[in-house]
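A.B. asks: sequence and predicted model, in that order:
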Amino acid sequence: MKTLKIVSWILRILASVILIQTLYFKFTAHPESVELFTKLGAEPWGRIGTGILELITGILLLIPTTAFVGGLLGMGLMLGAIASHILVIGIESKGDGGQLFILAIIVLICSVTIQFIHRKEGIAFAKKYLPKSITQFFITTT
């Protein structure tokens, strides 16, 4: 069990660091960030909104009781980022060798693993905040 806690912390810190380090580029309207979100047709609100969600996600991942929710948000954000790269931006952006794409995959893997590790907290969250019919459906199908 102690090993699982250590793995959880490593994955949560790694995902948070990746998410939070990109905020500088989003919030300062760095030209590369502006260009990416312009390609997506989501400049400036998509850039700022994504930055806010990534900040919230990074914080939630670092709090043990909200790690599952942080993992859920991280998974959603990174699925969107990966889809954006595949469908619009391209794997490689401005000669980065696919670094942004790879970072999104790393955060996605971390987020899914975090959700698995913290599934008990996820069930407790669902029982507390979701309607009983939805909670029973997910608990009986897992």
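C.D. replies: Yes, it's here. Just so it is clear, the model here is predicted, and its values are computed rather than measured.
A.B. asks: okay, CA-based contacts and neighbour counts for the rest of this
C.D. replies: OK.
A.B. asks: which residue is the nearest non-sequential neighbour of the residue most central in space within the chain?
C.D. replies: In the chain, the centroid-proximal residue (C-alpha atoms, centre = their mean) is Gly74; its distance is 1.7 Å. Counting by C-alpha to C-alpha, 6 or more residues apart in numbering, Ser111 is the residue found nearest to Gly74 once chain neighbours are left out, at 5.7 Å.
A.B. asks: the one you found and Leu77 touch, don't they?
C.D. replies: No. Using C-alpha atoms under 8 Å, Ser111 is not in contact with Leu77, being 10.0 Å away.
A.B. asks: that older thread, count the neighbours of the residue nearest to Gly74 for me.
C.D. replies: Ser111 has 28 neighbours, counted by other C-alpha atoms under 10 Å.
A.B. asks: stretch 116-126: how far from the chain's middle?
C.D. replies: Relative to its parent chain, stretch 116-126 has a centroid offset of 17 Å by C-alpha atoms, centre = their mean, to the nearest Å.
A.B. asks: dihedrals phi and psi, Glu43?
C.D. replies: phi -100, psi 130 (degrees, to the nearest 10).
A.B. asks: ditto for Gly90
C.D. replies: phi 100, psi 150.
A.B. asks: next up, the contacts around it.
C.D. replies: Ser84 (C-alpha atoms under 8 Å, 6 or more residues apart in numbering).
A.B. asks: and the residue nearest to Gly74, how far is that from Ile82?
C.D. replies: 14 Å (C-alpha to C-alpha, to the nearest Å).
A.B. asks: do the same with Leu36
C.D. replies: According to C-alpha to C-alpha, Leu36 stands 13 Å off from Ile82.
A.B. asks: now Leu53
C.D. replies: 16 Å.
A.B. asks: check contacts around Phe11.
C.D. replies: Phe isn't right for residue 11; it's Leu. By C-alpha under 8 Å, 6+ apart, the residues touching Leu11 are Cys110, Ser111, Thr113, Ile114.
A.B. asks: so which of those belong to strands?
C.D. replies: Among the contacts of Leu11, DSSP state E puts none in strands.
A.B. asks: most neighbours out of these, which is it?
C.D. replies: Most surrounded of the contacts of Leu11: other C-alpha under 10 Å gives Ser111, at 28 neighbours.
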